[in-house]
Each structure stands twice: as C-alpha cells, then as structure tokens.
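Peer 1: Model the following, please.
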Amino acid sequence: MESEYIDSMEQLADHYFPSGNWHMVEGKGGMNNTTMFIDHASSRYVLRRYETHKEPDKVRYEHEVLSALPAVLVGLNTPKPVKDIQGQTIHVTGPVNEEDSRSAGRIAALFHYMDGHTPQLRTTEEIFHFGQVTGQLSAALAQIDIDLHPVYPPYYRLGQSYPLCSPGRLEAFCAHPPEDFNSIADILYRIGERLGEQLMRITRLVSLPHQLIHGDLNASNMLESTDGQITAILDFEFVTRDLRAMEPAVCLSDMLQTVEWNVADEKQCTAFLQGYATRIHLSDQEIEAIPLLILLRRIDVFMHFLSRYFEGIDDADVVIAQAQRLDAGLQWYEKSGPLLQLLCRRIFK
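Peer 2: Down below sits the predicted model:
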C-alpha cells in the first residue's frame, strides 16, 4: 500500500537533507503537485511531490530538457534540479514496476529556489514582453535534441492522452449525461453535436512543424523582477514534442475569455503576437491553424477533467465549469476564429 512508503513532505525533506537541519514553509502548489519551500544552510529550495502520476520517466524527460536549456536560453532562468545524496535528481519512494514503468510510491524532486513574483500581464507592454519570452523559449527549445523518447503525447493525440474519453464514451456522455449534469444538459448536447467535426480537423494537424514545447505557459508559470521584467519560466512538467504553433495557441487560449471578438481581445492578442513575432515567424499553414489549436487546448482541458471525473478524482462541478468553457470555445471558434486569423496574417506577413 502507498502508505507503507516514505512519502510525506517531511520525510522527503529528510531524504534530501539527512542532517535534519531544515525548515519547511508551505509553497503554492497546483492540482498536479504539492510544493513546499525548504530552508537549509542559508539557502532556499523548492520541494515538489507529483500527485497525478507515478511515472519516473515523465520527470526524467523533464529534467533532461531542463539540463539542456541553459546552453541555448540566454537571459531567462529555468528550474535547476538538485541531486540527492545518491546523485539523483528524481526520488522515487517505492519500487518501479518493470512492465509499466510505474512506481508503487510517490515521485519527488528538489529544485533551487528562484526569486521573483507572478506577473500580472495586464498592460499591452507586459503582454508584448510575454509574447517575446514565449518566442524566445520556443526558439531555444527548437535547438534541443535529447535521446529520451517523450512520454507525454502531443496535444492532438487526444485518444492517447485520454483513453477514458473514447469517442463513443464521449458521445454517450454528452447525449445522455448523468443526473449531476442535468443543469448543463443543453450545453453537453451542443458539445456532442459539434465536437466530432472538430476532432476530425484536429487529426489533420500532424503535418505542421514540430519541436519541443513547454505546453502550459501562463502567468502562474513565470516569475518577474521588481522592475516588471519576466526573469524565469517555471513548471516544465508537460514539456514534450508537439506542434510549434501550439505554444502561442495555449497562451492565446487563456487570454480569450469571451465568445465575441472585441477591442480588448484584439489589443491583447496583437500585443502578444507582435512580441512573439520578434522571435518566431509562423508559416501560412500554422496561421490558418491557430484558431483550431486554441480550440484544441479547450478540448484537451475538458477531456482532462472529464477523465478525472470518470476516475473519481474530481466532482461534477469541476467538469461543469470546463464544459461551459468548451461550449464558449466552440462558439468562439465559429464566430471569432476567422478574425484572429486575419490578425495573424497582418502580423506575420
């Protein structure tokens, strides 16, 4: 049983600092991990325990990318894993099954602390700089070639990422949702009616340029200095080989909060894309695909939380919120997607 293994945050801290001369401060974790700050010998560290998987190969791939980044990414800091007394950057608290490469216990990693605070990304200048940083990271990741095979599939391989959300099960869920979803039955019906066509389009994206991408760039995964400059990029947990254009699409998806294209959307998207274009030039095919890639991000998030619901991890309220967001995303794609394409053409002409 999992409880048999040494995997509390205090026990993990003892693993990295056997002397016991450490002090723990609660950090800001997410839905995917638990984070604590560890103060030891006048230095601060970040201790992470992964909560959503027990696959060391996923963390190993992340650390390989992190070890290669400093040589090609100038002017931006990235997480630096710390080796334990065995010389390993990954600590697995239980034995690993050779058949499926999964651990019986938990997986933990320790990183050097980086100073800074979460950027707000409110002004066009801040968003322009965000776009520049995204392009800078993308250009750096394109230069990295490591021997390990990516563990996470690209975004467009939805069936591989979410086997619990097979097309048949997804269609049945939307057409005949459980009682907990009666309040959004009409929304789920609309999703079911529209999703099949978009999933077919997504399968054709495979011909676009590929490279390593971060895959989850947003304000919470960055740090900025007191003078407002982005100084670090965090959380490479989902780094993988994917479509190059997926990186900016993920960022744009988080910016677009309404169905109708409006002045605020145009200002934010223009600032971000102009910043991104200082480092990366998208092809015509990538420009055409940007709206669909933004929708793909919404679909991916919905299927992620629906899978967690099927597994009994999340309750219906979480899925309801994501279904509403996907419904808005499908409407946005039809109404406003072409307007974003026009904006992209102007910027990348």
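
Peer 1: burial count for Val206?
Peer 2: Applying other CB atoms under 10 Å, we find 11 residues neighbouring Val206. C-beta: built from backbone N, CA, C; applies to glycine.

Peer 1: Please name the nearest non-neighbouring residue to it.
Peer 2: Closest residue in space to Val206, ignoring its immediate chain neighbours: Tyr156 at 6.7 Å, by CB to CB, 6 or more residues apart in numbering.

Peer 1: you'd agree the one you found is up against Thr203?
Peer 2: Yes: under the criterion of CB atoms under 8 Å, Tyr156 makes contact with Thr203 at 7.1 Å.

Peer 1: and the two? which has more neighbours close in?
Peer 2: Tyr156 (24 against 11).

Peer 1: Now do stretch 143-159: distance from first to last residue.
Peer 2: This stretch, stretch 143-159, spans 29 Å end to end (CA to CA, to the nearest Å).

Peer 1: Just the strands from the protein, written as ranges.
Peer 2: When secondary structure is read from DSSP state E, the chain shows strands at 23-26, 33-40, 43-50, 91-92, 107-112, 210-213, 222-224, 230-233, 240-243.

Peer 1: roughly how far out does the fourth one sit from the chain middle?
Peer 2: What it means is strand 91-92. In terms of CA atoms, centre = their mean, to the nearest Å, the centre of strand 91-92 is found 23 Å from the chain centre.

Peer 1: Is it correct that Leu256 is in contact with Glu266?
Peer 2: No: look at Leu256 against Glu266 with CB under 8 Å: they stay out of range, at 10.6 Å.

Peer 1: Next, the buried residues of the top helix by length along the chain.
Peer 2: Counting by DSSP state H, the longest helix found in the chain is helix 284-310. For helix 284-310, burial by neighbour count (16 or more other CB atoms under 10 Å) applies to 286-287, 289-309.

Peer 1: which residues does the nearest residue to Met255 once chain neighbours are set aside contact?
Peer 2: Nearest residue to Met255, sequence neighbours excluded (CB to CB, 6+ apart): Gln268, at 4.9 Å. Gln268 makes contacts with Thr124, Ile127, Met255, as judged by CB atoms under 8 Å, 6 or more residues apart in numbering.

Peer 1: could you flag which of those are buried?
Peer 2: Taking 16+ other CB under 10 Å as the criterion, what is buried in these is Ile127, Met255.

Peer 1: can you list the contacts of Gln268 in JSON lines and add pLDDT?
Peer 2: JSON lines is the format used below for the contacts of Gln268 (pLDDT from 0 to 100):
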{"residue": "Thr124", "pLDDT": "96"}
{"residue": "Ile127", "pLDDT": "97"}
{"residue": "Met255", "pLDDT": "93"}
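
Peer 1: Format the contacts of Gln268 as a markdown table; extra columns: distance to Arg345.
Peer 2: Shown next, in a markdown table, are the contacts of Gln268 (distance: CB to CB, whole Å):
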| residue | distance to Arg345 |
| --- | --- |
| Thr124 | 20 |
| Ile127 | 20 |
| Met255 | 19 |
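
Peer 1: of all the contacts of Gln268, which comes closest to Gly329?
Peer 2: Nearest to Gly329 among those is Met255, at 12.6 Å by CB to CB.

Peer 1: and the closest one, how far is that from Ala289?
Peer 2: Applying CB to CB, to the nearest Å, the value for Met255 to Ala289 is 18 Å.

Peer 1: still on that earlier bit, tell me, what's the model's pLDDT at the residue nearest to Val206?
Peer 2: Listed pLDDT for Tyr156 reads 97.

Peer 1: Likewise for the one 5 residues further on?
Peer 2: The score at Ser161 is 95. That number is its pLDDT.

Peer 1: Against Gln143, how distant is the closest residue in space to Phe305 that isn't next to it in sequence?
Peer 2: Residue nearest to Phe305 in three dimensions, not counting chain neighbours: Gln322, with 4.8 Å by CB to CB, 6+ apart. Distance from Gln322 to Gln143, counting by CB to CB: 35 Å.
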